[in-house]
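Chemist: Let me see the structure of the following:
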Amino acid sequence: MANEWVLEKVRNFGISAHIDSGKTTLSERILFYTGRIHAIHEVRGKDGVGATMDSMDLEREKGITIQSAATYGQWKDITFNLIDTPGHVDFTVEVERSLRVLDGAILVLCGVAGVQSQSITVDRQMKRYNVPRLAFVNKLDRSGANPFRVMEGLREKLRLNAVMAQIPIGLEDKLAGVVDLVKMRAFYNEGENGENVIEKDIPADLIDQAKEYRTELIAKLADVDEGIAEKFLMEEEPTEQELQAAIRKATIALKFVPVFCGSAFKNRGVQKLLDGISDYLPNPKEKENTGLDLDKGEEKVIMETDPSKPLVAYAFKLDDGRYGQLTYMRIYQGTMKKGDFIINTTNQKKVKIPRMVRMHSNEMVDIDSASAGDIVALFGVDCASGDTFTDGSINVAMSSMFIPEAVISLAVAPKSKDAASNFSKALQKFRKEDPTFRVKRDEESNETIIEGMGELHLEIYIERMKREFNCEVIAGKPQVAYRETISRVTDFDYTHKKQTGGSGQYAKVVGTIEPLQVEEGKDPKAYEFEDEVVGGRIPKEFIPAVDEGFKEQMAKGPLIGFPIVGMKVTLKDGAYHDVDSSYLAFKIASMAALREVYMEAGPIALEPIMKLETVAPEEYQGAVMGGINQRRGIIQGTQTLEGSVTVLAEVPLTEMFGYSTDLRSSTQGKGEFTMEFAKYAAVPRTIQEELHKKYLEKRAAEAKG
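Modeler: Next up, the predicted model:
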């Protein structure tokens, strides 16, 4: 690490992409070329070592990234912190938490497949946190690779102002290097691992193509940069420095996405991408970060990336290792030293920093201090993911990250009684480190329920319990997170009266419940409460009790026993008694009111619908589409590319169990798929009746038991 911490020379960036686009392979090459590692290991390498950034045994076995991994390094005069994130949708929170704290990102795309479903998700996450990005079209050594088609995909599917900053020299097995359209020079990778970058004149057969794409680069820049626009109109040629400055400015302003080319696996174009990171991605001072001032009613405050300002740091990831909890922190302002006391603004607890380290995947280097703009890890600091720390002179919280709703649940229990304490330790740990992993107790069946983003998500945690906590787990069948809602406006009028010795209970509530329109694609959690009571018919202090009663009753609907969503309650009238009315009486009255009229309101069961993308060789198109139709899937479209077909569909999650086995057998093991939550939709009438019947039977059995 450089002795001097010069903010202008720092880059905090992440690598994100669709699963299998080559993110981890790219990270591995970046580490190799920056001297952080001295030998290259592949994700599914023959040497059995596995990629440096995939440090978990499970990651190496499955050949996928499960947790985001952090490392740091030096490229020329630039110091960088790099986070490699998972591509699998089940681990989407790892991408959220990384993008939340990064200043820039590289969106990696496969040169053959182009923009895939996960690329769209990752792009949406980058836009959510306003992260400037470069695009890297990888795998150009593969047959059928076409970076220009991928650039078109970035424009059409992601609506990005994507422009080639380079063009490849050769494609497929002839890929030799890249032409830099800013410098108008050719760069070849030579040497056993492509470590020697040789600058030459552009090959004669590429000059026309290079000029064409350079003209397009300048024209697109002219749309977003006045200086370049002037030169463009005067038909003057901008200088290399002017072009570079304009690309940097437009990229940081999120108006431009330069597209780089190469093949990480074949060691082509990675060093030029590193140059692009230092030339075009922002330093910590150039990205605006805001916090909320807790002393001023959560008023927005801009964080100044200044080491001399009061400390503000954000814990974005927790990891329980051999030496206890490791907390990854992004320092937004101020300086943090070993031995300092810091305050957690979530619970106002004061903690001392016993040890600070820089992470290199799962290895660590001890440090004594770090300042604004840096990403470090601390030991011995107990907190939850998303907590903010200060030095106590200010009371600020960084805005939290977006946490998606869980769509699947499992009942779990330890296999043996002896493992019970390890079981609860594991659940506690996982819940703390992953906000999308939820644990609850089912009061009626007395079971422990875990909820998550998909089958693989929960599978990995069960496997981790076995390996890390020596706790074998018995898991029930996966349960889909259904919801209930209503379809028509219904009136309620309920009086709660209870006369016992001493004071009684009295409350009357009158009003309507009605369906609430929910935005497409959102979890229909929406609930609204409106108070239209006039003339003090219900005293003001009891109104919140009515709201609370409805909310509580909505946690478990009478139709199939799942939460009720998408409902508006309007309280219009009521009555109270001077002595017998209380907060509790009004809460009970509103809970009973909803139970009484709910079945008249046309209740509907809702199920999670997943966005499914299946890729298989063209000859299996019929089998793939047939399989999706059998699962109540609705096909949205198909794309054929270089002998393989991509089928896009929306399918109910409940029909997706066992799909991977069926897909493998119907495509001779050549098909693969990804899916992510799209929306909630009504289940067919027959299935709703079946679910209702099952729920009534379950309740009857519990009542007997």
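
Chemist: Give me the distance from the host helix or strand of residue 197 to the chain's centre.
Modeler: Using DSSP states H and E, residue 197 sits in strand 196-200. Strand 196-200 sits 38 Å away from the centroid of its parent chain (CA atoms, centre = their mean, to the nearest Å).

Chemist: For that strand, C-alpha coordinates in PDB please.
Modeler: Only the C-alpha atoms of strand 196-200 are listed here, as PDB (Å, rounded to 0.1, in the frame of the first residue of the first chain):
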ATOM      1  CA  ASN A 196       3.800  -7.700 -21.400                       C
ATOM      2  CA  VAL A 197       1.700  -5.000 -22.900                       C
ATOM      3  CA  ILE A 198       3.300  -3.900 -26.200                       C
ATOM      4  CA  GLU A 199       2.200  -0.700 -27.900                       C
ATOM      5  CA  LYS A 200       2.200  -0.600 -31.700                       C
END
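
Chemist: what packs against it?
Modeler: Here strand 196-200 touches strand 185-190, going by 3 or more CB pairs under 8 Å, 6 or more residues apart in numbering; DSSP states H and E. For every residue, glycine as well, the C-beta is placed using N, CA and C.

Chemist: Tell me where the model's unsure across the stretch 1-150 of the chain.
Modeler: Applying pLDDT under 70 to the stretch 1-150 of the chain picks out residues 1-5, 19-20, 36-69, 84-94.

Chemist: what about the helices in it?
Modeler: Along the stretch 1-150 of the chain, counting by DSSP state H, counting those that start in this stretch, helices occupy 23-33, 57-62, 92-101, 117-128, 147-158.

Chemist: so where do the helices sit in the stretch 401-550 of the chain?
Modeler: For the stretch 401-550 of the chain, the helices defined by DSSP H, counting those that start in this stretch cover 420-433, 455-469, 543-553.

Chemist: For the longest one, what is the distance to the chain centroid?
Modeler: Same thing as helix 455-469. On CA atoms, centre = their mean, the centre of helix 455-469 falls 19 Å from the chain's centre.

Chemist: need the helix or strand of the protein with the lowest average pLDDT.
Modeler: The weakest-scoring helix or strand in the chain, judged by mean pLDDT, DSSP states H and E, is helix 57-62 (a mean of 50).

Chemist: Any figure for the gap between the nearest residue to residue 147 once chain neighbours are set aside and residue 675?
Modeler: In space, and not counting its chain neighbours, residue 147 is closest to residue 137: 4.2 Å by CB to CB, 6 or more residues apart in numbering. Taking CB to CB, to the nearest Å as the measure, residue 137 falls 25 Å from residue 675.

Chemist: so how far is residue 645 from residue 674?
Modeler: Separation of residue 674 from residue 645 (CB to CB): 15 Å.

Chemist: who has more neighbours, residue 137 and residue 675?
Modeler: Neighbour tally, residue 137 and residue 675, criterion other CB atoms under 10 Å: the higher count belongs to residue 137, 32 against 21.

Chemist: my guess is that one contacts residue 111, does it?
Modeler: Yes. Here residue 137 reaches residue 111: they are 5.1 Å apart, a contact under CB atoms under 8 Å.

Chemist: any common contacting residues for the two?
Modeler: Shared contacts of residue 137 and residue 111 (CB atoms under 8 Å, 6 or more residues apart in numbering): 145, 147, 150, 261.

Chemist: quick one: the last one and residue 76, what's the gap?
Modeler: Taken as CB to CB, the spacing of residue 261 relative to residue 76 amounts to 21 Å.

Chemist: The two: who's more crowded?
Modeler: Taking neighbours as other CB under 10 Å, residue 261 and residue 76 compare with residue 261 leading, 30 against 10.

Chemist: quick one: pLDDT of that one?
Modeler: Looking at residue 261, its pLDDT stands at 92.

Chemist: swap in residue 592?
Modeler: 94.

Chemist: Residue 500 now?
Modeler: Residue 500 is given a pLDDT of 66.

Chemist: Equivalent analysis for residue 526, please.
Modeler: Residue 526 is assigned 76 on the pLDDT scale.

Chemist: What about it, how many residues nearby?
Modeler: When neighbours are defined as other CB under 10 Å, residue 526 has 16 of them.

Chemist: Spit out the contact partners of the residue nearest to residue 147.
Modeler: Residue 137 makes contact with 109, 111, 145, 147, 150, 151, 259, 260, 261, 262, according to CB under 8 Å, 6+ apart.

Chemist: Show me which of these is closest to residue 577.
Modeler: residue 109 (67.9 Å; CB to CB).

Chemist: I'd say the closest one and residue 138 touch.
Modeler: Yes. Counting by CB under 8 Å, residue 109 does reach residue 138; the two are 6.7 Å apart.

Chemist: Looking at these two, which one has more neighbours?
Modeler: The neighbour count for residue 109 versus residue 138, taken as other CB under 10 Å, is higher for residue 138 (33 against 27).

Chemist: Wait, that one touches residue 26, no?
Modeler: Yes. Residue 138 is in contact with residue 26 according to CB under 8 Å; the separation is 6.5 Å.

Chemist: Need the overlap of contacts for these two.
Modeler: Residues touching both residue 138 and residue 26 by CB under 8 Å, 6+ apart: 108, 264.

Chemist: all strands in the stretch 501-650 of the chain, in order from the N-terminus.
Modeler: Applying DSSP state E, counting those that start in this stretch to the stretch 501-650 of the chain gives strands spanning 505-515, 527-531, 567-575, 604-617, 634-641, 644-652.

Chemist: would you turn those strands into CSV with distance to residue 465?
Modeler: Supplementary listing: the strands of the stretch 501-650 of the chain in CSV, determined by distance: least, CB to CB, whole Å:
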stretch, distance to residue 465
strand 505-515, 41
strand 527-531, 35
strand 567-575, 37
strand 604-617, 25
strand 634-641, 37
strand 644-652, 29
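
Chemist: now those strands in CSV, with mean neighbour count and distance to residue 250?
Modeler: Output for the strands of the stretch 501-650 of the chain, formatted as CSV (neighbours: other CB atoms under 10 Å; distance: least, CB to CB, whole Å):
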stretch, mean neighbour count, distance to residue 250
strand 505-515, 22, 45
strand 527-531, 15, 42
strand 567-575, 20, 44
strand 604-617, 22, 31
strand 634-641, 13, 30
strand 644-652, 20, 32
